[in-house]
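Q: no FASTA, just this:
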């Protein structure tokens, strides 16, 4: 029996050793339909060109499937425009050139005047759909799992649908509802769809009906997209808060030693929407004997240099690129001070897996995994006074750091990457049935059915989300 846990979105089995997928279960379906043997992933970026958590998730998912005896194929874009096929850790990777004016990602600045035309082409790119279709025809996968598809465009959903292959869309950002992929503009989160996104997003709204199943890294991410008219009529939505591979052995964090400052950490891309300015401004209000900050990651060179100049001194240390697990050894508390509605901060559950609690802003998907007083603490997004208040309270009345660390370790086991590939096995069974049914009857305005959502009633009341949503466990 397999059950989708309503608190985490992770697939659990009746097994002797919890937290580890049974390879035989993944390869064989015990006679209940066709077994998944090959999954084709579509991702804008992939190793060695990956830059964020979404690409790391795709790679972990693909390599975990290979380790469990399945075949995994990845189709991705390449900056240099040279098509090639390679094998990375047992995963066959197709690197395709982008059929557009320039490659959007990377350190090289894109021509500002050409960006509108780039986005117009990216609203529906039939050339990329044909290139992907050629690979699908050659590989003949059992399931196609699309992740970030910027550059490929929503045309790839149609390419998969025409071949009658089960399609699962995994959401990491707001691309399907926003030209900028962020729903954040001029320093503010977007409350409504702007005219530009409404026009250029028309193909995405239309083709977003093609996936049979959508998995999303947070409830908040999907709710904002659904409110923008994306994925209308979809009836199967699964919240899966990313996943971890096996981290180093958990070390119990005891907080700052007597007479030493509280060591805060920030790990990620250095950019204004991450709220790093706000965090460091607040840190500077405390004495160095009370609070210090360690910053890991890189960003725009100009922005990074401005931060180094503003906060020069012993209280703030910039480390550049660092190994995450070594970084977590140095800090008492990870701070995720995002001011935009970040879908889900991957670094949050990575820190928890190492026993490090999280101090996060109450926005986006962060409150869905940071539990106040148990796995960390929350403050109002963009509010320096509230962040200062929380830090002052932690200094004046230190919590039981050991208990926090223990809870983080237990909580992080819910983000077990080994469970995610098994979700695709169940999806392939259900997708075949849903595809046959959808050709006879499609309910255009049905509400999505969410599974794997923690405290859905509380989330709906607090965040005024979609009404009428009910949750239940899925049993197979």
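A: Happy to help now that I have it. Note that the structure is predicted; figures quoted are calculated from it, not measured.

Q: Give me the most central residue, this protein.
A: residue 172 (4.0 Å; Cα atoms, centre = their mean).

Q: what about the nearest residue to that residue once chain neighbours are set aside, helix or strand, and which?
A: Using Cβ to Cβ, 6 or more residues apart in numbering and skipping the chain neighbours, the partner closest in space to residue 172 is residue 54 (3.8 Å). No exception for glycine: its C-beta is placed from N, CA and C like everyone else's. Assessed by DSSP states H and E, residue 54 sits inside helix 53-67.

Q: isn't the residue nearest to residue 172 right next to residue 43, touching?
A: Yes - using Cβ atoms under 8 Å, residue 54 makes contact with residue 43 at a distance of 7.2 Å.

Q: Need the overlap of contacts for those two.
A: The contact sets of residue 54 and residue 43 overlap at 147, 148 (Cβ atoms under 8 Å, 6 or more residues apart in numbering).

Q: higher neighbour count, those two?
A: In terms of neighbours (other Cβ atoms under 10 Å), residue 43 is the more surrounded of residue 54 and residue 43; the figures are 28 against 22.

Q: doesn't residue 232 make contact with residue 205?
A: Yes - counting by Cβ under 8 Å, residue 205 touches residue 232, with 7.2 Å between them.

Q: of those two, who's got more company?
A: Using other Cβ under 10 Å, the more surrounded residue of residue 205 and residue 232 is residue 205, with 19 against 16.

Q: Next, residue 369: phi, psi?
A: phi -120, psi -20 (degrees, to the nearest 10).

Q: I figured it hits residue 343, correct?
A: No - Residue 369 is not in contact with residue 343 according to Cβ under 8 Å; the separation is 11.5 Å.

Q: Need the pLDDT of the residue of the chain positioned farthest from its centre.
A: Distance from the centre of the chain peaks at residue 259, with 38.1 Å (Cα atoms, centre = their mean). Here, the pLDDT recorded for residue 259 equals 89.

Q: do you know how far it is from residue 289?
A: 8 Å (Cβ to Cβ, to the nearest Å).

Q: and what of residue 306?
A: Remark: distance between residue 306 and residue 289 (Cβ to Cβ) = 26 Å.

Q: Now do the same contact list for the residue nearest to residue 172.
A: Residues counted as contacts of residue 54 (Cβ under 8 Å, 6+ apart) are 43, 45, 147, 148, 172, 173.

Q: try 10 Å this time
A: The neighbours of residue 54, taking Cβ atoms under 10 Å, 6 or more residues apart in numbering as the test, are 43-45, 147-148, 170-173, 217, 242, 343, 346.

Q: Least confident of these?
A: residue 242 (74).

Q: List the residues that contact that residue.
A: 9, 53-54, 56-57, 60, 170, 172, 217-218, 343-346, 348-350, 365, 369, 415, 417, 420.

Q: try residue 345
A: Residues in contact with residue 345 (Cβ under 10 Å, 6+ apart) are 53, 217-218, 242, 267-268, 274, 334, 336, 338, 351, 358, 360-361, 364-366, 369-370.

Q: Surely the residue farthest from the centre of the chain is in a strand?
A: No - counting by DSSP: H, G, I helix; E, B strand; the rest coil, residue 259 is not part of a strand but coil.

Q: From residue 290, how far off is it?
A: Residue 259 sits 11 Å away from residue 290, going by Cβ to Cβ.

Q: same check, this time on residue 225
A: 41 Å.

Q: out of these two, which sits in the busier spot?
A: Counted by other Cβ under 10 Å, residue 225 and residue 290 do not tie: residue 225 has more neighbours, with 25 against 18.

Q: didn't that one look like it was pressed against residue 190?
A: No - Residue 225 is beyond contact range of residue 190, at 11.6 Å (criterion: Cβ atoms under 10 Å).

Q: anything in contact with each of the two?
A: Joint contacts of residue 225 and residue 190 (Cβ under 10 Å, 6+ apart) are 174, 177, 178, 183.

Q: so which pair among those residues is furthest apart in space?
A: 177 and 183 (6.6 Å; Cβ to Cβ).

Q: Mutual contacts of those two, please.
A: 190, 193, 197, 221, 224, 225, 228.

Q: in the stretch 51-200 of the chain, which spans are helices?
A: 53-67, 115-123, 126-139, 155-162, 195-200 (DSSP state H, counting those that start in this stretch).

Q: buried sites along the second one?
A: This points to helix 115-123. By neighbour count with 16 or more other Cβ atoms under 10 Å, helix 115-123 contains the buried residues 118, 119, 121, 122, 123.

Q: okay, those in CSV with distance to residue 49 next?
A: Output for the buried residues of helix 115-123, formatted as CSV (distance: Cβ to Cβ, whole Å):
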residue, distance to residue 49
118, 18
119, 21
121, 20
122, 18
123, 23
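
Q: Nearest to residue 325 among those residues?
A: residue 122 (36.2 Å).

Q: Skip the chain neighbours and tell me the closest residue to the closest one.
A: In this structure, residue 122 finds its nearest non-sequential neighbour in residue 153, 5.2 Å apart by Cβ to Cβ, 6+ apart.

Q: neighbours around that neighbour, how many?
A: For residue 153, using other Cβ under 10 Å, the count is 24.
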